[in-house]
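Enquirer: build me a structure from this.
(3 chains)
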Amino acid sequence: MAYTRERQRPARDPEELRRTIPGWGVDLRPEDRPPYPLERRDIETGAHWEIPEAQPVRGFREKSTEHQFMTPIFGTAQPLKGLSGAIRRYAYTFSEARTAHWLLLVVGDRVDVLEHRIAALLRGRPDNPITESGIMREARGGAFRSRFGQHRADLIHQPLDVFVYALPFLTIAVGAAVMVRAMSNRRR
Amino acid sequence: MGAEADGAFLQHVTSAKLKLQGGSPVALNWCIDSVRKGGRVSVVGAFGPLFSAVKIGDAMNKGLTIRTNQCPVKRQWPRLFEHVKNGILKPSAVVTHRLPLDEIAEGYHMMASKLDGCIKPLVIPTGVH
Amino acid sequence: MPAIEHPNDAIVKVTCAAICGSDLHLYHGMMPDLRVGHIFGHEFVGTVHEVGPSVRNLKPGDRVMVPFNIFCGSRYFCARGFFSNCHNVNPNATAVGGIYGYSHTCGGYDGGQAEFVRVPLADVGPTRIPEWMEEEDAVLLTDVCPTGYFAAQLGEIREGDVVVVFGAGAVGLFAASSSWLMGAGRVIVVDHIDYRLEFARTFAHAETRRTPTSSAPTSASRQWARKPTARSSSTSPAPS
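Expert: Model prediction:
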């Protein structure tokens, strides 16, 4: 046996497709497709500036080393603070091409979660994993039906999700237990 | 949405759980495997900036064209508006759930765990409608 | 409540937002520099609540749909049509443009799963929702529908092509539908969840295949698409 010149199973007849599928072939011509060609210089964007006016920088705003200067527009949400802020500030001293840049940011994210969980605990309003994680959705029905009989490939690692979510709480609990034990040992 | 493609346990654990990859390249690797030699692969959605274990060697040996970008949405609008107006496309047909903003945590859990036939949930802020 | 930070900002009161499959990557902590308190949501529509002094094209009360890209519209990449790769709006990373509610790696802009959202460069991004368009169609047009269409476009589909879409989420469904618009001969959607495959059959008129649980998708997909002479494109908005 050998592979032949032509395709082994022809595609469906275009006339049949046109009849059965709404809109089949309306964008057959590449010129009708909007991102064609991908690079175009004649698109009117609504910009009435050559260079956008620069947004004022208040305090420290982190910037990638790959940028020559601060971009004229930037987000101002969640400025850096605390230990996670220090880790992130350090991460931004590395080039984007370095893995250290991204891994330090990932570490900063985890430290940020811990800081906020501890702060919430100390404020007397601890995070509630029952009502605030969305797990209550499971009680609305369909939890079993959605997972079994659907041939899902992700059930094998879903138990890991519970562990990953619980990890900051476990870390705080273990850390607190270690501290309490150290303090009671010192008293003796 | 490539970053959380499912179907290969080791890829999922190293990417989605341990965050050691920018995204699970399972679907992308399946694309590379399944397309014919000389074929084209297009990749859209979301990947993180870390590297991912993509089968670039196979892509090279098969002579593939891989094209990818974040979608420039506004460029699509003129043509898509025509299609919606002419009834060829009905985007809201994929909406499966409508939730108040207060229940967004449950919406995320439902979407993440693929409960209740969830494809696309909408979120309505309080005081609207 | 967000504030006007730049003369061309607008504050939009959100009337409808969506949760995207890509928001799950934030939910699972996979984007670096995601800070506690960050508001997610890059698919939203609403009414203009307040505008900065240099905004010309919008006024308070306008119903607007906002593309998930933030872009300046004038400089190197925007001038060439690469609105999703603007270099002027994201100081945190050069590898990605500005996106609402997608961590500081995408510029540090809070997103639209909220009551109000700051929309920078309001003369360039948002568009008034046409009178004839329903709000739910508009919110789907801010991300998933154009992304699926764009995926089909990147595949350079020609008449009669065999297209395989991996992932039957919203983007995959639109990629499959768009493949028909571009003249595909066969559209096959692959996923591992039955209800999503059913949706692909009814919404996108696609053939469906389940991802094999063994590690042999290659041989299976060769049977599906009858290679080697079938021209095929695979798009990868993956199961999520």
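
Enquirer: can you count the residues close to residue C:93?
Expert: Around residue C:93 there are 25 other residues, counting by other C-beta atoms under 10 Å in any protein chain shown. Heads up, the C-betas are built off the backbone N, CA and C, glycines and all.

Enquirer: nope, residue A:97 is what I meant
Expert: 10.

Enquirer: same check, this time on residue A:93
Expert: 12.

Enquirer: which residue comes closest to it once chain neighbours are left out?
Expert: residue A:65 (7.1 Å; C-beta to C-beta, 6 or more residues apart in numbering or on different chains).

Enquirer: mind naming the longest helix for chain A?
Expert: Counting by DSSP state H, the longest helix found in chain A is helix A:158-187.

Enquirer: ok so, going back, which ones are touching the residue nearest to residue A:93?
Expert: A:92-96 (C-beta atoms under 8 Å, 6 or more residues apart in numbering or on different chains).

Enquirer: max pairwise distance over the residues you listed: which two?
Expert: A:93 and A:96 (11.5 Å; C-beta to C-beta).

Enquirer: related to what we said a few turns ago, reformat the contacts of residue A:65 as JSON lines; add pLDDT.
Expert: Putting the contacts of residue A:65 into JSON lines (pLDDT from 0 to 100) gives the following:
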{"residue": "A:92", "pLDDT": "96"}
{"residue": "A:93", "pLDDT": "96"}
{"residue": "A:94", "pLDDT": "95"}
{"residue": "A:95", "pLDDT": "94"}
{"residue": "A:96", "pLDDT": "92"}
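
Enquirer: can I get those residues in a markdown table with secondary structure and distance to residue C:77?
Expert: Output for the contacts of residue A:65, formatted as a markdown table (DSSP: H, G, I helix; E, B strand; the rest coil; distance: C-beta to C-beta, whole Å):
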| residue | secondary structure | distance to residue C:77 |
| --- | --- | --- |
| A:92 | coil | 22 |
| A:93 | coil | 26 |
| A:94 | coil | 24 |
| A:95 | coil | 20 |
| A:96 | coil | 17 |
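
Enquirer: of those, buried ones?
Expert: For the contacts of residue A:65, a neighbour count by 16 or more other C-beta atoms under 10 Å in any protein chain shown gives the buried set as A:92, A:94, A:96.

Enquirer: let me see the contact set for the last one.
Expert: Pointing back at residue A:96 there. Neighbours of residue A:96 in contact, by C-beta under 8 Å, 6+ apart: A:64-66, A:102, B:49, C:93-95.

Enquirer: quote the end-to-end distance of stretch A:29-39.
Expert: By C-alpha to C-alpha, to the nearest Å, the extent of stretch A:29-39 from end to end equals 18 Å.

Enquirer: contacts for that stretch, please.
Expert: A:26-27, B:69, B:72, B:75-80, C:80-82, C:150, C:153, C:156, C:182.

Enquirer: can you map out the helices along the chain?
Expert: The chain I'm using is chain A. A:14-20, A:82-91, A:99-122, A:143-147, A:158-187.

Enquirer: nope, chain C
Expert: So, for chain C - with DSSP H - the helices run C:23-27, C:135-140, C:144-154, C:170-181, C:194-204, C:217-225.

Enquirer: helices of chain B, start to end?
Expert: With DSSP H as the criterion, chain B has helices spanning B:9-12, B:26-34, B:56-61, B:73-85, B:104-113.

Enquirer: okay if I get these as a markdown table plus mean neighbour count, mean pLDDT and distance to chain C?
Expert: Output for these, formatted as a markdown table (neighbours: other C-beta atoms under 10 Å in any protein chain shown; pLDDT from 0 to 100; distance: least, C-beta to the nearest C-beta, whole Å):
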| stretch | mean neighbour count | mean pLDDT | distance to chain C |
| --- | --- | --- | --- |
| helix B:9-12 | 16 | 48 | 10 |
| helix B:26-34 | 27 | 82 | 3 |
| helix B:56-61 | 13 | 92 | 9 |
| helix B:73-85 | 20 | 94 | 4 |
| helix B:104-113 | 22 | 90 | 5 |
